[in-house]
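J.: need a structure here:
(chains A, B and C)
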Amino acid sequence: MEFLVQLVLNGIVIGSIYALVGLGFVIIYKSSSILNFAQGEFLLLGAYLCLAIFNTAHVPFAAAFVLALAFSVVLGIGMERLLLRPMIGEPVISVIMLTLGLSSVLKAVVQGIWGTDTRPYPELFPTTPIQIGPLPVSQGYLYSVASVCILLVLFSLFFKYTRAGIAMRATAFSQQVALSMGISVKHIFALAWSIAAVVSTVGGVLLGGVRGGVDGSLAFFGLKVIPVVILGGLDSVLGAIVGGLVMGILENLSGGYLDPLVGGGVKEVAPFVALVAILTFKPYGLFGKVKIERV
Amino acid sequence: MRCGDFRETYAEDMAIFETAFSRRLLAVFLVVLATVPLYATSYWLDVMNRTLIAIVAATGLNILTGFTGQISLGNAAFLAVGAYSTAFLGGRLHLPFLLVMPLAGLLTALVGMVFGVPSLRLKGLYLAVATLAAHFVVEFTVTHWDAVTGGVNGISVPPPRLGALELDNDRRIFWLALPLTVFMLFFAKNLFRTKVGKAFIAIRDQDISAEVMGVNVFKHKLLAFGVSSFYVGVAGSLLAYQAKIISPENFPITVAIDQLGMIIIGGLGSILGSIFGAVFITMLPEVLRLATAAIAGQSPALADLFAPLKVGLFGLAIVLFLLFEPDGMAARWHSIRNYWKLYPFSY
Amino acid sequence: MKTARSTGMALAALAAFAAAEARAQEIKVGGIFDLTGITSDVGKPFAQGVRDAVQWTNENGGINGKKINLNGSDYGYKKPEAVALYKRLVEDEKVVMIQGWGTGDTEALKETVTKDRMPFFSASFSAHLTDPAKTPYNYFVGPTYSDALRAWMRWVKADWKDKTRNPRVAFFYGDNPYGKSPIEAGRQFGKEIGVDVVAEEVLPGIVQDATSQLLDMKQKGADYAFTQVTTPNFTAVLRDARKLGLTTRFGTNLWGIGELLIAVAKEFSEGVVGAVPNPPFGENVPGMAKLVAFHQKNHPTDAHDTNYVRGWSYVMVWSEALKRADKAGKLNGEGIRAALESMKDFDTGGLSPPVTYTPADHRPTTLVPLYEVKGGKLVRLQTDEEPRKPEWLGL
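T.: Numbering: from 1, shown residues only, chains lettered A, B, ... in the order given. Predicted coordinates:
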């Protein structure tokens, strides 16, 4: 019984990180209907940038963090300006491919500048774990759960009540109608991508702090989180959170119970199998908006 | 070269080669290509074999994604199924080669159709992710089904045997692969002159209207998955024979992404595009290798950058093509050809 | 005109002759390194060690006056790339010997290597490569992974103080040929000396979170755990174990422990015991002097570790074999093999245990130096000598 509880708790903790990364996907999708396959690389770039600023400029980590956030805002705007604007109106497969190409380019840039070595991260959180029930949890994970909750509340309010948020939803629904209503679609895209880049940087730094170091494998988080956002529904913030938690728990349960039976590897494949199963009943994810097609 | 468009019958309109000149030109090109193994080094033969395999696989993917509009990230998985089927049927069951390759293709087609079932309900991004799931499921199966696939250690593939002749080096494999590739390309080109092929295109353009017009959308979607997977399975079979030792590492997700890149750069919905894209993407790392080797004398630091450059250039090529030539190299080729067709009267 | 032309042709002929002579004075060795893949954290220092040692050898007399031409490339720890690189090195570059790297690709290539009679040194210490009846052309410099595991298990048995029961161990390994290499040997040996193997945990290629595996191990009550992974993944396991408050003592092989582990895992590496056949950089052994001198001259600002020393030790061994083969006039596959199999207790100046190859046994050594991480430093515990049992050949 204790084993089960520990696995579930660990799943919630890991799932909160997935949810954080998933938020980045959802924000971009919610405003521009693009699934950004380069999100994992945003994470990677954010983590490395922060570390690089910290190491070379010798400023306190908090300052390096804020600077990295500023850089990522610029990066987001730059991406949008250079790459996404010409792709308005192109078929979805072209945009998917563009983000895949972008992910390769970003990965190469990171590898070219910083190499493939594991770079140690400074200790961001006190190392003594906190006991939650039967499971000791490292404080870093608790910080990530906390930040996910804060961001969830922030973004839900943002999309529901602020002008910019509503404008984003309108743009996602129909760009042409939004334009005719006087919404600057270009500005909305830039805003969406900057927010997503910022969220990714936060996620990347958190992950770096929790794992104690960064290396190229951070980018794989992007691929891992895609089933999370699909499960939750690509355009639902709540879906990203719920999807993240569900996937985290599912991963840990299958890892704890099925891995020893099969000899490993189930932990990686279980989320995808569950995803396909759920998609057969809910083709737009748990909380996603159902698209009604008209000819 | 003729100047202008002169088609007077339906047969002429549907012809693959408009003029006898282009037919003869292609024949000459193929003959020249067939003589390459006589003077190429084994390294370049390896590159050419891999290119031919990529062409077949990209054509398969194009049938599914370019012509039928079903985005699929499962190509690496289907390659794996084709390759491992070949290894198992040829290596463990010792079936003759002429039986193994078509069987491997059929097996892959079946698996492809199974993974095509979600296409009934899912579209666009959701279907892409479902095929991504298919990739991981196949990867897991291959890594853990030790009895059939040899697990992580991989499995060796006995060379194909035609009577007394064993095709155990790249040169002989090339002489097998070339006519096979040409045949499959022609078959694909012809497919889209038939009712089935046109149904595929109709589904891509507007599947609801297609259904209304009487096209059985689900059946044709499954068929598209099946035909496409057959092609990819045959490519996988060739890959197994060429690589001689296969393991799960031969089929990472980057292979599927590369092939998607091939058809996008080459041109969606175009057989010629598959050829261009496959050649481009396969040759890119080789050209890069030659370039860095040439520069390595002056600046060894650049040579260290070879690995990230390879990845980065691939991504950059995709991004640039999508921004500036979204219809792909085939479209550019056609526009250049049309310009010369009407020269000097083009307007 | 005619004089100019004939002078030109004479010069060209002379140049070509000189070039051919220079090439004839060269010995081509191929290199397959991991500089960017998942084992690159340990692969890069090893490759640098090999390159530096080759440069040092060329500067100090070469192979009986001939220079070594090391044609090395990165393969990213991907088997297909290794196979393609091997083809290119053997068929186009015509190398006489190859310095390889990883278990997966070396084991995949072993039949081809045997058929081609290409001496292949790997940084894989898999016991599956030690039986000349199966793999006559595969070599490495150091104890096998299986012997290292056995040495560690002997240490566990001695360290365990409770006489009422056997110590319980868990194995952590990656789902790949490198990870699985010593596991069967470990299982059998455990039965032999009375160490219970209670859990086997499989880790993915890149470990993000090992919690579920560690919880399973905790449930099964392991007192000690051995990991057959490389340093970055081992670090992730150690962190997660500390986070869970586990008291299990961890051990690892030569790719898991080293200066790199201390740098990356910091305080989490305290108490780790592992096999370190090549001394840490700068340790006081006779052969270290030339490494330190080379380092001072060529890259005084870099840090080096035991993996770097390992690269040097390899070149010491195979350049000696090349010298012997060259002196015998047989600089080809069989000649190099004969030269290697004539090496008995060959001393690399302490950079590795002494090396012996025989036509019946390619295990270079059964000495396993065990070190412990104490106070942030590598401290030598003991040097274990495993018996050279014939039934353990190839296991």
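J.: ranges for the strands of the stretch 101-250 of chain A?
T.: Secondary structure of the stretch 101-250 of chain A (DSSP state E, counting those that start in this stretch): strands at A:119-120, A:130-132, A:135-137, A:213-214.
J.: Not counting sequence-adjacent ones, nearest residue to whatever residue of the stretch 151-295 of chain A ends up closest to chain B?
T.: Evaluated by C-beta to the nearest C-beta, the stretch 151-295 of chain A has A:F272 as its residue closest to chain B, separated by 3.7 Å. (Each C-beta comes from the backbone N, C-alpha and C, glycine too.) The shortest distance from A:F272 to any non-neighbouring residue, by C-beta to C-beta, 6 or more residues apart in numbering or on different chains, is to B:A133 (3.7 Å).
J.: Go ahead and confirm that neighbour touches A:A277.
T.: No. B:A133 is beyond contact range of A:A277, at 9.5 Å (criterion: C-beta atoms under 8 Å).
J.: Compare the two (neighbour count), which wins?
T.: B:A133 (26 against 10; other C-beta atoms under 10 Å in any protein chain shown).
J.: Next up, the contacts around that one.
T.: For B:A133, the contact set (C-beta atoms under 8 Å, 6 or more residues apart in numbering or on different chains) comprises A:227, A:272-273, A:275-276.
J.: Near chain B, which residues of chain C are found?
T.: Counting by C-beta under 8 Å from any C-beta of the partner chain, chain C comes close to chain B at C:35-36, C:74, C:76, C:78-80, C:83-84, C:87-88, C:91-92, C:104, C:107-109, C:111, C:175-177, C:180.
J.: Compute the number of surrounding residues for residue 266.
T.: Unless you meant another one, I'm taking chain A. Neighbours around A:V266, by other C-beta under 10 Å: 22.
J.: let's do chain C instead
T.: Neighbours of C:K266 (other C-beta under 10 Å): 17.
J.: mind checking the SS state of it?
T.: helix (DSSP: H, G, I helix; E, B strand; the rest coil).
J.: So which bits of stretch C:86-102 are buried?
T.: Neighbour-count burial for stretch C:86-102, counted by 16 or more other C-beta atoms under 10 Å in any protein chain shown, picks out C:86-91, C:95-102.
J.: shaky segments in the stretch 151-295 of chain A?
T.: A:294-295 (pLDDT under 70).
J.: What parts of it come near chain B?
T.: A:223, A:226-227, A:230, A:234, A:262-263, A:265-266, A:268-269, A:272-273, A:275-276, A:279-280, A:283-285, A:293, A:295.
J.: between the contacts of B:A133, which is closest to chain C?
T.: A:F272 (14.2 Å).
J.: Quick check: the closest one vs B:E12, distance?
T.: Distance from A:F272 to B:E12, counting by C-beta to C-beta, to the nearest Å: 49 Å.
J.: next one: A:F25
T.: Taking C-beta to C-beta, one finds A:F25 at 50 Å from B:E12.
J.: Of the two, which one has the most company?
T.: A:F25 (28 against 10).
J.: What strand or helix carries the more buried one?
T.: helix A:2-32 (DSSP states H and E).
J.: now check that helix, is it near chain B?
T.: No. Under the criterion of C-beta under 8 Å from any C-beta, chain B is not reached by helix A:2-32; the shortest gap measures 8.6 Å.
J.: Please, where are all the helices along chain C?
T.: C:2-24, C:40-59, C:79-87, C:103-116, C:145-159, C:177-180, C:183-193, C:211-220, C:231-243, C:259-265, C:288-298, C:306-327, C:333-341 (DSSP state H).
J.: out of the ones you listed, which comes closest to chain A?
T.: Across the helices of chain C, chain A has its closest neighbour in helix C:211-220 (3.6 Å, C-beta to the nearest C-beta).
J.: Of the contacts of B:A133, which belong to helices?
T.: Using DSSP H, these in helices are A:227, A:272-273, A:275-276.
J.: Whichever of the residues you listed end up buried, select them in ChimeraX.
T.: To isolate the buried members of the ones in helices among the contacts of B:A133 in ChimeraX, using 16+ other C-beta under 10 Å:
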select /A:227,272,273,275,276
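J.: and of the ones in helices among the contacts of B:A133, the nearest to C:A321?
T.: A:F272 (49.5 Å; C-beta to C-beta).
J.: Could you list the domains of chain C?
T.: As given by automatic domain parsing, the domain ranges for chain C are C:15-143+C:282-364, C:145-276+C:371-392.
J.: Please identify which of the ones you listed is closest to B:F183.
T.: Of all the domains of chain C, domain C:15-143+C:282-364 comes closest under C-beta to C-beta, at 26.2 Å.
J.: Which residue is it, in chain A, that comes closest to chain C?
T.: A:G264 (2.5 Å).
J.: Now do the nearest residue to that residue once chain neighbours are set aside: how many residues are near it, please.
T.: Closest residue in space to A:G264, ignoring its immediate chain neighbours: C:V202 at 2.5 Å, by C-beta to C-beta, 6+ apart. Using other C-beta under 10 Å, the number of residues around C:V202 comes to 22.
J.: same question, B:H334
T.: 15.
J.: Which residues are in contact with the nearest residue to A:F221 once chain neighbours are set aside?
T.: Residue nearest to A:F221 in three dimensions, not counting chain neighbours: A:G40, with 5.2 Å by C-beta to C-beta, 6+ apart. Residues near A:G40 by C-beta under 8 Å, 6+ apart: A:21, A:103, A:218-223, A:225.
J.: The same query, at a cut-off of 7 Å, please.
T.: Listed by C-beta atoms under 7 Å, 6 or more residues apart in numbering or on different chains, the contact set of A:G40 reads A:103, A:219-223.
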